[in-house]
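> coords below, sequence missing:
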């Protein structure tokens with residue numbers, strides 16, 4: 001039995017594509033291990049999958065001034081040492097990295113142990129962690145065709161983004177039961193990322209009575225963002241976060257309002273859900289979500305609204321237009337010619353493991 005070590009963390013988008021690959025590799029007889037941060041979101045997600053999890057020290061890679069920038073390099077160095085020791089003990093045939101700051105020590109430790117590394121980049125341009133790691137990678141899988149120009153052509157492989165099979169298995173009737181909804185009004189799913197979005201939450205809630213005249217709303221508002229004053233409002237159901245129930249909610253959903261993280265929007269694409277994307281602004285990010293959203297808009301999969309354009313009134317107007325033209329967006333999604341990302345990456349993993 002061959003062993004593969006996965007790494008990646010810091011956000012759900014750096015973890016959930018790994019799960020899609022792990023399920024397939026388990027079927028093929030691989031032994032799966034995971035190295036991540038002891039305090040990151042990846043620990044809970046991976047342990048729910050029953051995969052052995054090994055925590056290491058890690059430091060965040062910041063592009064801005066912060067006093068922690070003086071301490072975190074030492075945490076990264078400690079993480080490299082821990083990764084090196086772990087990998088010597090686990091003896092993987094290959095390491096698969098999904099990015100995030102915790103992945104850098106693991107990639108460095110792999111290089112020191114001469115273990116081949118495959119990296120996957122979800123966004124159109126590599127994040128800082130992957131930029132550091134790419135020179136040490138054997139191959140770099142990318143999601144968007146536009147990404148090929150940002151990676152050495154000898155390393156780059158266009159695979160698309162691995163989607164969890166679980167996300168396709170939803171039952172609409174279970175979603176209606178969970179939210180106490182009916183079929184007489186269309187359903188909107190609103191997601192502001194794993195931590196929620198105050199600006200999206202505010203725009204929705206400030207215009208809720210008018211929105212509920214036309215739609216039913218499932219609002220994933222982020223941890224600590226449940227609004228008690230709207231509890232029990234008919235047609236409006238709030239959750240901090242959904243995991244096992246998300247496929248059922250998506251199955252009944254007609255439209256999605258979302259940030260533009262690559263993992264989420266590719267899942268909506270696979271499920272053919274018309275989207276209004278509100279990407280993180282340049283003030284709050286490196287601009288990767290803006291590029292992701294533009295790519296989806298160009299392909300005809302989504303409409304895009306920049307955060308500084310978002311008001312209660314503009315949200316209402318754009319939603320009505322999106323719903324009126326929903327069949328056009330669905331037709332564009334149905335005509336795409338994407339490869340099976342899970343199959344493509346698993347084939348790549350197996351080819352390099354045979355030569356290791």
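Looks like it arrived, so ask away. Bear in mind the structure is a predicted one, so any value in this text is a computation, not a measurement.

> make it CA atoms for all contacts and neighbour counts henceforth
Fine.

> residue 140 against residue 156, yeah?
Yes: with contacts counted by C-alpha atoms under 8 Å, residue 140 reaches residue 156, the gap being 4.9 Å.

> so the two - more neighbours on which side?
More crowded of residue 140 and residue 156, by other C-alpha atoms under 10 Å: residue 140, with 26 against 20.

> isn't there a strand covering the more buried one?
Yes: inclusion of residue 140 in a strand is indicated when DSSP: H, G, I helix; E, B strand; the rest coil is applied.

> show the contacting residues for it.
Listed by C-alpha atoms under 8 Å, 6 or more residues apart in numbering, the contact partners of residue 140 are 118-121, 134, 151, 155-157.

> mind putting those residues into TSV with pLDDT and secondary structure?
Shown next, in TSV, are these (pLDDT from 0 to 100; DSSP: H, G, I helix; E, B strand; the rest coil):
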residue	pLDDT	secondary structure
118	97	strand
119	97	strand
120	96	strand
121	93	strand
134	95	helix
151	89	coil
155	94	coil
156	94	strand
157	94	strand
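
> among these, who's most crowded?
Most surrounded of these: other C-alpha under 10 Å gives residue 120, at 29 neighbours.

> which residues does it bridge with?
Residue 120 has these beta-bridge partners by DSSP bridges: residue 141.

> how far away is it from residue 349?
Distance, residue 120 to residue 349, by C-alpha to C-alpha, to the nearest Å: 12 Å.

> what do you get for residue 305?
Residue 305 is 38 Å from residue 349, where distance means C-alpha to C-alpha.

> cool, and residue 338?
Per C-alpha to C-alpha, residue 338 is found 20 Å from residue 349.

> number of nearby residues for residue 282?
12.

> packing partners of the lengthiest helix in the chain?
The single longest helix within the chain, with elements called by DSSP state H, is helix 72-90. For helix 72-90, the elements it packs on are strand 53-56, helix 103-112, judged by 3 or more C-alpha pairs under 8 Å, 6 or more residues apart in numbering; DSSP states H and E.

> try 10 Å
strand 3-7, strand 31-37, strand 53-56, helix 103-112 (3 or more C-alpha pairs under 10 Å, 6 or more residues apart in numbering; DSSP states H and E).

> tell me where the stretch 201-350 of the chain has helices.
208-214, 246-252, 262-270, 288-299, 312-324, 326-334, 341-354 (DSSP state H, counting those that start in this stretch).
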